[in-house]
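Undergrad: Give me coordinates for this.
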Amino acid sequence: MRTRMAVIGIAAILLLAGCSKNLSNSKHQSDNQGVMSQNQTVTIVEQTPLNTVDISKVSSFNKLRSSTEGLFRMGKNGRINAGLAKSYHMSKDAKTYTFKLRKDARWSNGQPITASDFVYSWRRSVKPATQSVNANLFSGIKNANRIRHSELPPKDLGVKALSKRELQVKLDHPIVYFETLLAYPLFAPQSPVAVHRYGAKYGTSADKQIYSGPFKLIKWHADSQSRTLVPNPYYWDKAHVYLNRLTITTTKSPAQNLKDFKAGKVAEIQLVGSQIPANKNDPSYVVRPFSMMRVISYNFNTTNRANKKLINNRNARLAISHAINRRKLINQALQNASLPPKGFVTAGLSKNSLNHSDFADQQEASSYVRGNNHLAVTEWHKAQHQLDIKTSTLTLSTADDPISQRVAQNVKMQLESHLHGLRVNIHAFSQSNIGKRVISGNYQLLLTGWGADYPDPLSFLQLMTNNSRHNYGHWYNAKYNRLVDTISNNQSTNTQQRWNEMLAAEKILTEQQGVTPLYQQADSYLTNPKLNGVVHNISGVLADYKSAYLVK
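TA: Numbering: from 1, shown residues only. Next up is the predicted model:
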């Protein structure tokens with residue numbers, strides 16, 4: 001089931017440069033399992049609620065997968081499908097793109113979507129005052145980084161409306177993954193009329209937003225436990241939207257979820273713990289791997305002085321990593337098909353364009369993310385001696401969902417078993433509260449994760465630079481920063497050099513244990529076999545219900 005998506009090198013881009021591309025919609029054909037049923041109503045269960053539909057401020061774009069659309073849409077196997085752009089042209093130097101929007105591109109209220117709506121949206125997201133947690137993804141678009149650091153005004157961003165339906169984007173340098181990036185909801189348009197009309201309430205409820213995607217929200221408010229979507233009547237490709245209603249609910253409990261699925265009340269649930277082996281032979285059982293790495297994040301600036309010294313001690317971090325047997329963690333806490341890490345970058349994300357080797361397989365510091373009790377004890381003793389301590393108590397913060405709590409308990413057990421004198425306290429918080437604590441830096445150790453926004457190792461590596469908004473623990477390494485900066489601003493056509501630089505950066509991060517990778521997530525589900533047409537990918541928007549349908 002693993003989808004492998006190759007990274008297209010800059011050299012390949014330059015070979016195609018200067019040409020125009022017309023975009024066709026993905027093919028739609030009847031599934032061979034039968035014809036569509038009359039009842040096209042689907043309910044699925046997610047682990048966490050949606051907190052906002054403000055594109056500039058949402059933390060999980062996967063939750064906007066069906067109500068938001070930009071220039072492109074991510075299709076099956078990472079293929080770029082048509083979105084609001086009908087065609088585009090790329091300059092010879094691969095630094096200027098010109099997009100032509102569809103004449104029938106409209107908001108869910110019937111108003112036209114224009115190139116100016118894209119300009120407004122991108123400027124709003126990159127503007128420091130907006131505090132978008134994903135503004136770093138604009139890096140590479142002309143002047144984006146300088147705007148993010150308040151060195152230039154948002155109007156200097158390299159995006160311009162040439163006419164109502166023609167959008168021009170200028171880059172600081174060629175970006176190998178740019179087309180894929182544009183399929184991400186962050187790069188969708190926003191209506192300045194809607195933003196100004198709703199003010200501080202914009203994006204806080206279903207009726208405080210208008211939608212560019214195949215569905216629109218009709219029932220939802222911030223952090224509510226369910227949301228309901230119906231087809232957008234003005235969507236340009238509404239002929240290929242088949243569901244009459246899509247309801248997404250937040251998990252109640254694993255037992256209740258299973259009961260609801262068996263009763264036919266929901267079409268998909270995620271299995272947890274012992275539910276996984278108990279249901280492996282069910283015809284509805286599926287496993288989906290993601291480019292999501294679950295990690296322990298360290299707060300290098302924690303206000304607790306003793307623990308700050310401990311966290312900033314490399315031997316202590318190495319000991320924590322080596323004390324954790326990842327296979328035991330997966331088998332005991334998850335009981336699913338998740339993968340032990342080979343480094344910080346996930347397997348299956350990208351391949352070397354020359355020899356087609358997986359980046360994860362080439363990561364050189366894999367030994368630092370494997371359990372090794374002997375090393376762990378040695379490193380822990382070194383840390384204790386260097387810091388002149390015998391006992392320590394660290395707090396591990398985690399979200400309060402069942403899976404996160406099971407993982408946290410297993411990590412606590414393994415650390416306390418192998419690192420004599422260490423005690424780990426677990427603090428579980430709601431999704432909204434854990435987010436606030438992370439942003440404010442109010443934690444010592446944090447159980448968290450990072451999912452790739454686009455199929456390139458840089459999606460992971462840029463996370464840990466000192467200017468990344470997601471580097472909440474403030475890990476810093478000057479050589480690492482220089483390498484990632486070079487990779488991010490690479491104007492060379494030497495893709496092998498870029499690849500080697502990414503491997504070198506990843507090696508520094510893993511050897512220093514700036515974060516401690518735990519496992520690459522692969523979740524187990526029960527999915528109604530009659531539910532067809534859902535697009536699943538390993539990175540970016542993981543599941544898209546645009547053309548989902550039920551068969552008889």
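
Undergrad: make it CA atoms for all contacts and neighbour counts henceforth
TA: Will do.

Undergrad: Just give the nearest non-adjacent residue to the residue nearest to the spatial centre of the chain, would you?
TA: When CA atoms, centre = their mean is applied to the chain, the residue found nearest the centroid is G451 (3.6 Å). In space, and not counting its chain neighbours, G451 is closest to M292: 4.0 Å by CA to CA, 6 or more residues apart in numbering.

Undergrad: Let me see the domain layout of this protein.
TA: 10-250+528-550, 289-522 (automatic domain parsing).

Undergrad: Let's have the ones you listed in CSV, adding distance to V266 and mean pLDDT.
TA: As requested, those are exported to CSV (distance: least, CA to CA, whole Å; pLDDT from 0 to 100):
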stretch, distance to V266, mean pLDDT
domain 10-250+528-550, 5, 89
domain 289-522, 19, 93
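
Undergrad: Output those domains in a markdown table, with distance to S274 appended to each entry.
TA: Listed next are those as a markdown table, based on distance: least, CA to CA, whole Å:
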| stretch | distance to S274 |
| --- | --- |
| domain 10-250+528-550 | 17 |
| domain 289-522 | 7 |
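
Undergrad: Which one of these lies nearest to Q270?
TA: domain 10-250+528-550 (7.3 Å; CA to CA).

Undergrad: mind listing what the residue nearest to G451 touches?
TA: M292 sits next to T346, G449, W450, G451, A452, Q520, Q521, S539 when contact means CA atoms under 8 Å, 6 or more residues apart in numbering.

Undergrad: Which secondary structure state is assigned to it?
TA: Judged by DSSP: H, G, I helix; E, B strand; the rest coil, the three-state class of M292 is strand.

Undergrad: quick one: it from L542, how far?
TA: From M292 over to L542 the distance is 10 Å, taken as CA to CA, to the nearest Å.

Undergrad: Quick check: the residue nearest to the centre of the chain touching P289?
TA: No: G451 is not in contact with P289 according to CA atoms under 8 Å; the separation is 11.3 Å.

Undergrad: so where do the helices sit in the stretch 251-400 of the chain?
TA: Along the stretch 251-400 of the chain, counting by DSSP state H, counting those that start in this stretch, helices occupy 254-262, 275-278, 305-311, 314-322, 326-329, 359-362, 373-387.

Undergrad: Same list, those helices, but as CSV with distance to L162 and mean neighbour count please.
TA: Formatted as CSV, the helices of the stretch 251-400 of the chain follow (distance: least, CA to CA, whole Å; neighbours: other CA atoms under 10 Å):
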stretch, distance to L162, mean neighbour count
helix 254-262, 50, 16
helix 275-278, 53, 16
helix 305-311, 52, 17
helix 314-322, 52, 24
helix 326-329, 53, 20
helix 359-362, 39, 18
helix 373-387, 60, 18
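
Undergrad: now for these, which one comes closest to S87?
TA: helix 359-362 (32.0 Å).

Undergrad: got the contact list for that closest one?
TA: K342, G343, V345, T346, A347, G348, L349, S350, K351, N352, P457, L503.

Undergrad: how about the strands of the stretch 201-350 of the chain, start to end?
TA: 215-219, 226-231, 245-250, 268-270, 285-298 (DSSP state E, counting those that start in this stretch).

Undergrad: and Q409, which of those is closest to it?
TA: Closest among the strands of the stretch 201-350 of the chain, once you apply CA to CA, is strand 285-298, at 13.0 Å.

Undergrad: With only the CA atoms kept, save that closest one in CSV.
TA: The C-alpha coordinates for strand 285-298 follow below in CSV (Å, rounded to 0.1, in the frame of the first residue of the first chain):
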residue,chain,number,x,y,z
TYR,A,285,-9.5,-3.7,7.4
VAL,A,286,-7.0,-1.4,5.7
VAL,A,287,-3.6,0.0,6.6
ARG,A,288,-2.5,3.5,5.4
PRO,A,289,1.1,4.7,5.9
PHE,A,290,1.8,8.4,6.1
SER,A,291,4.8,10.7,5.9
MET,A,292,4.2,11.5,9.5
MET,A,293,7.0,11.1,12.0
ARG,A,294,6.1,11.0,15.7
VAL,A,295,8.8,12.5,17.9
ILE,A,296,9.8,13.7,21.3
SER,A,297,10.4,17.4,21.1
TYR,A,298,12.7,19.0,23.6
